[in-house]
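*Asks:* The following comprises the amino acid sequence and a computationally predicted model.
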Amino acid sequence: QAQLVESGGGLVQAGASLKLSCAASGRTFSNYAMGWFRQAPGKEREFVAAISSGGGITAYADSVKGRFTISRDNVKNTVYLQMNSLKPDDTAVYYCATKRRPYYSGNYARQDEYDSWGQGTQVTVSS
């Protein structure tokens, strides 16, 4: 399994921007699709965004489409989540994850297709 460390969370006001980072190690990063998920208090963890191993394909939850952008740097072994126009409903712990199989896209939103997860970073958006 890979080791993943998220950073970049914080407390911001509605309308602000944040950029999350997830540094990966322990696996050939460029071979694996990556995803971002989030879990709000009292809710189940949900899919936010994902990116293919080469970075050419991305997918987003409807709730963040047009506001969030996922990207990756396969030299730095890091995946990013740029979050713009943040809303209070975006408040959650954000997790990055790596797909279980290399070069496999599958269903980006299915959590059981990911086998390594970070510890999460808190994002709080005040109104």
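*Replies:* Cool, the structure landed.
*Asks:* Show me what whichever strand or helix holds S21 is packed against.
*Replies:* Following DSSP states H and E, one finds S21 within strand 18-25. Based on contacts counted as 3 or more Cβ pairs under 8 Å, 6 or more residues apart in numbering; DSSP states H and E, the elements that strand 18-25 packs against are strand 3-7, strand 34-39, strand 78-83, strand 92-99, strand 121-126. Every C-beta, even on glycine, is put in place using the N, C-alpha and C of the backbone.
*Asks:* Save those as TSV, and put in distance to G55, mean neighbour count and mean pLDDT too.
*Replies:* Formatted as TSV, the helices and strands packed on strand 18-25 follow (distance: least, Cβ to Cβ, whole Å; neighbours: other Cβ atoms under 10 Å; pLDDT from 0 to 100):
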stretch	distance to G55	mean neighbour count	mean pLDDT
strand 3-7	17	17	97
strand 34-39	9	24	98
strand 78-83	9	23	98
strand 92-99	14	24	97
strand 121-126	21	17	98
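*Asks:* Between these, which one is closest to S63.
*Replies:* strand 34-39 (9.8 Å; Cβ to Cβ).
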